[in-house]
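Peer 1: I would like the atomic coordinates for the input below:
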Amino acid sequence: MAKKRVRRLVVGGDAYLWTGRIGHVGIGIGSGAEVRRCVHLRILAGRRAVLPVVMVSAGPPGPWGAATDCSYPTPGTVRAVLELALAEGWDPRAPDPGFAMLGALDGWELYAPEDEHPRYWLYQRLLAEVPPADEPALLARIMRDPDPAMAAGTLTWQLDCRAEELLGDAQAFHAWAEQLGRIGTDFHRAKLAEWELFRAVTAGEPWPEAALLTASDRSQRQLAERAVDPAALDLLAREGRTRRVRNRAAARLAESRRRS
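Peer 2: Okay, here's the model as predicted:
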């Protein structure tokens with residue numbers, strides 16, 4: 001059963017109140033999903049400033065079907081969360097103290113705020129700034145978010161952005177796709193396969209006919225616009241799934257033949 005306590009904490013001469021509501025969250029998607037203990041932590045400064053944090057156990061499932069760590073965060077852990085937020089720029093005296101934080105402390109993974117929409121934009125900012133070498137670790141962390149649908153959507157967005165950037169470098173694309181395939185779901189692995197098809201067709205490399213015919217509508221539309229291989233355009237013009245795809249591929253094929 002969920003618990004809620006109100007406690008007082010003094011940091012740097014300032015007094016704060018904090019409450020914690022214990023619950024459980026599903027982490028991950030599909031066969032890798034599991035249930036973990038979480039605490040919805042709220043740190044209050046005065047009457048208006050609130051720092052909401054979702055503390056998800058970083059431990060494996062235990063005897064409760066949740067985490068093996070303590071059932072409630074210690075005051076020391078809450079102090080560490082508050083000190084981390086203050087160090088990262090949270091201003092409890094600001095008129096609008098909205099703040100987003102991502103971190104880990106004492107066996108807990110921290111997500112803030114509780115609403116998944118600000119967390120989504122936090123992830124967008126972090127992904128825009130992360131060095132390429134650190135991107136897989138950040139995406140793996142995002143995929144452990146308490147909201148699996150939002151996490152999967154974030155990975156989909158990043159997958160499409162990075163795939164487009166790496167199309168011109170086959171070696172870098174394959175190395176990146178292999179890492180993303182281990183992090184994502186079956187849906188993401190299917191998207192990676194379509195991006196590999198797109199990369200091969202637009203680069204003039206060999207491509208499997210069956211993969212082109214079974215590609216999604218979106219992928220076929222993109223290929224009808226950007227394919228450079230006349231054989232791919234001819235196949236799409238004859239057997240593309242939609243009239244739009246067939247017409248566009250036929251038009252580009254005709255343009256290519258006129259230029260040659």
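
Peer 1: how far does the one helix or strand Trp176 maps to sit from the chain's center?
Peer 2: If you go by DSSP states H and E, Trp176 is part of helix 170-183. Centroid displacement of helix 170-183 relative to its chain, using C-alpha atoms, centre = their mean, to the nearest Å, is 16 Å.

Peer 1: now the element after that helix, going C-ward?
Peer 2: Next in sequence after helix 170-183, counting helices and strands by DSSP H and E, comes helix 186-203.

Peer 1: packing partners of the helix or strand following that following helix?
Peer 2: Under the assignment DSSP H and E, the closest C-terminal helix or strand after helix 186-203 is helix 209-214. For helix 209-214, the packing partners by 3 or more C-beta pairs under 8 Å, 6 or more residues apart in numbering; DSSP states H and E come out as helix 186-203, helix 230-239. In this view, the C-beta of every residue, glycine as well, is placed from N, C-alpha and C.

Peer 1: what's next to the longest one, contact-wise?
Peer 2: Pointing back at helix 186-203 there. The contact list for helix 186-203 (C-beta atoms under 8 Å, 6 or more residues apart in numbering) reads 30, 152, 155-156, 159-160, 163, 167-168, 170, 173-174, 177, 180-181, 184, 205-208, 211-212, 215-216, 219, 222-223, 226-229, 232.

Peer 1: and that helix with helix 230-239, angle?
Peer 2: 120 degrees (axes from the mean of the first three to the mean of the last three C-alpha atoms, to 10 degrees).

Peer 1: the helix holding Trp176 versus helix 186-203: what angle between them?
Peer 2: 170 degrees.

Peer 1: helices along this protein, start to end?
Peer 2: Secondary structure of the chain (DSSP state H): helices at 75-87, 116-129, 135-142, 148-166, 170-183, 186-203, 209-214, 217-226, 230-239, 243-259.

Peer 1: pick out the shakiest of those helices, pLDDT-wise.
Peer 2: Among these, helix 116-129 has the lowest mean pLDDT, at a mean of 81.

Peer 1: so how far is Ala211 from Asp186?
Peer 2: 16 Å (C-beta to C-beta, to the nearest Å).

Peer 1: can you check Gly20 too?
Peer 2: 51 Å.

Peer 1: quick one: which of those two has more around it?
Peer 2: The neighbour comparison of Gly20 against Ala211 (other C-beta atoms under 10 Å) goes to Gly20, with 21 against 15.

Peer 1: need the nearest residue in space to that one, chain neighbours excluded.
Peer 2: Val39 (4.6 Å; C-beta to C-beta, 6 or more residues apart in numbering).

Peer 1: do Pro208 as well
Peer 2: Leu197 (7.6 Å).

Peer 1: can you report how many residues lie near the one you found?
Peer 2: For Leu197, the count of nearby residues is 19 (other C-beta under 10 Å).

Peer 1: do Leu9 as well
Peer 2: 14.

Peer 1: again with Pro148
Peer 2: Neighbour count of Pro148, defined by other C-beta under 10 Å: 18.

Peer 1: that one and Val245, how far apart?
Peer 2: Using C-beta to C-beta, one obtains 32 Å as the distance from Pro148 to Val245.

Peer 1: same question for Glu239.
Peer 2: As judged by C-beta to C-beta, Glu239 and Val245 stand 9 Å apart.

Peer 1: now Glu178
Peer 2: Taken as C-beta to C-beta, the span from Glu178 to Val245 is 30 Å.

Peer 1: comparing the two, which shows the higher neighbour count?
Peer 2: Ranked by neighbour count (other C-beta under 10 Å), Glu178 and Val245 place Val245 first, with 22 against 11.
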